[in-house]
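>>> Following is a predicted model, sequence given first.
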Amino acid sequence: MSVALLLTIPASREPGHPQAEHETAHGSMENTSWAIEGAADVFVEVQGRKFAARDGGAPQLCSSVCTDLGRHAHIDYCRNAKGNCQEPESEHITVSMLPEPSKDKDWVSHKAFWARTAFKDPYSRDDQTEFAKCDARCAGPEHEATLNAPARPSYCTLPIFHPPQPLNWTGGNVSYVSADGHSFPCPNPNSLRQAFHVIFVLDRSGSMSLSDRQPVANTPSSARITQNNSNRLGAVMSAVYGFWTSRSSGMTGPRRDAYSVILFESHPQTFITNNVNSTPDELLNLIISARPTGGTHFDGALRSAQSLMETHWSTDRSPVVIFLSDGECSLSDNIVYDLCQRAVARQKALSLHAVSFGSASSSNSLRRMVAVAEQVAQAAPRDPLSPLIPCSYTDAIDTIRLAETFLHIADSLKKPRASLIRN
């Protein structure tokens, strides 16, 4: 909370005194306004009052607002040239934020903020230790408030602004790493949720050899994938590998999900069938030799997905189809209807997700696929033990985290960061 108040209140010592930090009297946060991360309608709640971006900070006290926020980051105008932000204990904000959206800004740690002011940090040592920790929270619903109990958030155990923790890192028996690299001292929410048979239907047609999309860099699988497919198909494999790794992070015992993988061009080929035992690396080894080739045939790929779904049907697993392609291809509605209705006939609605790795103009069939699947799913009887994950269409503009995009269970939940900044 970089505020003008701290620059205008009088220090209790004369200029030139030898102490590194000034003592000061703390008061109202005048001449400041709220800067809040996220959409324009996002607000922050402090001590029962709600504040939106650009609301005045006068109701807050300099000596208590940090405690009211809990784990938090302060905000300050960036001190470096754009794109060259190297300040310690800070994180450059890559989007425009009110106020003065044209000015670059940084999130800075509580410690760094007070060091910049040259005033003594008024908070206790215990508070300062807490404020130095990451503000990300586990997304598991078991941490939310209920009618009978208050919320019990599970926070990341790492310092604020830490680099992403490797997904295969373990910090104990009851801990896990989220897909975006936070470490939480609680069971992986995946282990508390329903199980799935996830059927990946991946386009391997000739256009997937284009290099405008690349595998995720600096992961345990990057070198292996890039060696064979430094292209769109490699980006897809990287995303699927990230999904598998995220679902398995911090879990012990047999995997609850089953995975099948179909790669298709003019004809579909099944590479993985109802696999419940292999590790993410072992699964990747089963598809990594595939290369882009041939044309594109959606109907044949969907028929193959239906065959896998019906042959390996399990009442313990909800069916999910994740269909990834980069190009336009004709689609027969009846093929999609039949796939979805066969699942409903077995008492579980199919959750279908389409991802486009191509241009928006080439996505009509993928969008139609999702529309048909959602229509069937919404008309299906509800299973209270297996809530339906809504069908979705996604443009893969950049690297995607499939677990977050399609199953809503992998990434950490972050409350919008908010801070006061001088006017």
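Done, it's in.
>>> The helix or strand hosting residue 321 pairs with which strands, parallel or anti?
Following DSSP states H and E, one finds residue 321 within strand 317-325. Strand pairing for strand 317-325, determined by DSSP bridges: strand 195-203 (parallel), strand 351-356 (parallel).
>>> pLDDT of the next helix or strand along the chain from it, averaged?
Helices and strands here follow DSSP H and E; after strand 317-325, the next one along the chain is helix 333-345. The average pLDDT within helix 333-345 is 96.
>>> From the contact counts, what lies against helix 333-345?
Applying 3 or more CB pairs under 8 Å, 6 or more residues apart in numbering; DSSP states H and E, one finds that helix 333-345 makes contact with helix 298-311, strand 351-356, helix 364-379. All C-beta spots, glycine's among them, are computed from the backbone N, C-alpha and C.
>>> Now with 10 Å, please.
helix 298-311, strand 317-325, strand 351-356, helix 364-379 (3 or more CB pairs under 10 Å, 6 or more residues apart in numbering; DSSP states H and E).
>>> For residue 292, give me its contacts.
Counting by CB atoms under 10 Å, 6 or more residues apart in numbering, residue 292 touches 203-210, 229, 231-234, 263, 265, 326.
>>> what does residue 271 give?
200, 202, 204, 260-263, 283, 286-290.
>>> between those, which is nearest residue 311?
residue 260 (9.7 Å; CB to CB).
>>> And the helices and strands packed on helix 333-345: which comes nearest residue 115?
Among the helices and strands packed on helix 333-345, the nearest to residue 115 by CB to CB is strand 351-356 (44.7 Å).
>>> now the angle from that closest one to helix 333-345?
Relative orientation of strand 351-356 and helix 333-345, computed by axes from the mean of the first three to the mean of the last three CA atoms, to 10 degrees: 150 degrees.
>>> Which members of the contacts of residue 271 are the farthest-apart pair?
260 and 289, at 17.5 Å, using CB to CB across these.
>>> more crowded one of those two?
residue 260 (22 against 9; other CB atoms under 10 Å).
>>> Now tabulate the helices and strands packed on helix 333-345 in CSV and tack on distance to residue 72.
Formatted as CSV, the helices and strands packed on helix 333-345 follow (distance: least, CB to CB, whole Å):
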stretch, distance to residue 72
helix 298-311, 46
strand 317-325, 36
strand 351-356, 35
helix 364-379, 39
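>>> Would you format the ones you listed as CSV with mean neighbour count and mean pLDDT included?
What follows is the helices and strands packed on helix 333-345, written out as CSV (neighbours: other CB atoms under 10 Å; pLDDT from 0 to 100):
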stretch, mean neighbour count, mean pLDDT
helix 298-311, 20, 97
strand 317-325, 25, 92
strand 351-356, 25, 89
helix 364-379, 18, 92
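>>> now for those, which one comes closest to residue 74?
Across those, closest to residue 74 is strand 351-356 (CB to CB), at 37.3 Å.
>>> Tell me the buried residues in stretch 97-108?
97, 104, 105, 106, 107, 108 (16 or more other CB atoms under 10 Å).
>>> Three-state assignment for residue 164, please.
coil (DSSP: H, G, I helix; E, B strand; the rest coil).
>>> Nearest to residue 163, out of the strands paired with strand 317-325?
strand 351-356 (27.2 Å).
>>> Centre of the chain to that closest one, how far?
Computed by CA atoms, centre = their mean, to the nearest Å, the chain-centroid distance of strand 351-356 equals 17 Å.
>>> Provide a list of residues in contact with residue 368.
Residues counted as contacts of residue 368 (CB under 10 Å, 6+ apart) are 298, 331, 333, 336, 354, 393.
>>> again, only this time at 6 Å
By CB atoms under 6 Å, 6 or more residues apart in numbering, the residues touching residue 368 are residue 331.
>>> separation between it and residue 53?
With distances taken as CB to CB, to the nearest Å, residue 368 is found 38 Å from residue 53.
>>> doesn't residue 351 make contact with residue 389?
Yes. With contacts counted by CB atoms under 6 Å, residue 389 reaches residue 351, the gap being 4.4 Å.
>>> can you pull up the bridge partners for the spatially closest residue to residue 348 that is not a sequence neighbour?
Excluding its sequence neighbours, the residue lying closest to residue 348 (CB to CB, 6 or more residues apart in numbering) is residue 318, at 5.4 Å. Bridge pairing for residue 318 (DSSP bridges) gives the partners residue 196.
>>> Tell me the buried residues in stretch 340-360?
For stretch 340-360, using 16+ other CB under 10 Å, the buried residues are 340, 342-343, 348-358.
>>> Can you name the two of those that sit furthest apart?
Between any two of the buried residues of stretch 340-360 (CB to CB), the greatest distance is 30.8 Å, for 348 and 358.
>>> Tabulate the strands paired with strand 317-325 in a markdown table, adding columns for distance to residue 147.
What follows is those, written out as a markdown table (distance: least, CB to CB, whole Å):
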| stretch | distance to residue 147 |
| --- | --- |
| strand 195-203 | 28 |
| strand 351-356 | 29 |
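>>> To residue 114, which of the ones you listed lies closest?
That would be strand 351-356 among those, by CB to CB, at 44.9 Å.
>>> If you compare the directions of that closest one and helix 364-379, what angle comes out?
160 degrees.
>>> quick one: contacts of strand 351-356?
320-324, 363, 366, 369-370, 373, 389, 391-396, 406.
>>> Which parts of the chain are helices?
Applying DSSP state H to the chain gives helices spanning 5-8, 65-69, 110-117, 125-131, 222-228, 232-248, 280-287, 298-311, 333-345, 364-379, 402.
>>> any chance of those in TSV, with distance to residue 144 too?
Conversion of the helices of the chain to TSV gives the following (distance: least, CB to CB, whole Å):
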stretch	distance to residue 144
helix 5-8	35
helix 65-69	20
helix 110-117	26
helix 125-131	21
helix 222-228	36
helix 232-248	21
helix 280-287	29
helix 298-311	33
helix 333-345	30
helix 364-379	25
helix 402	24
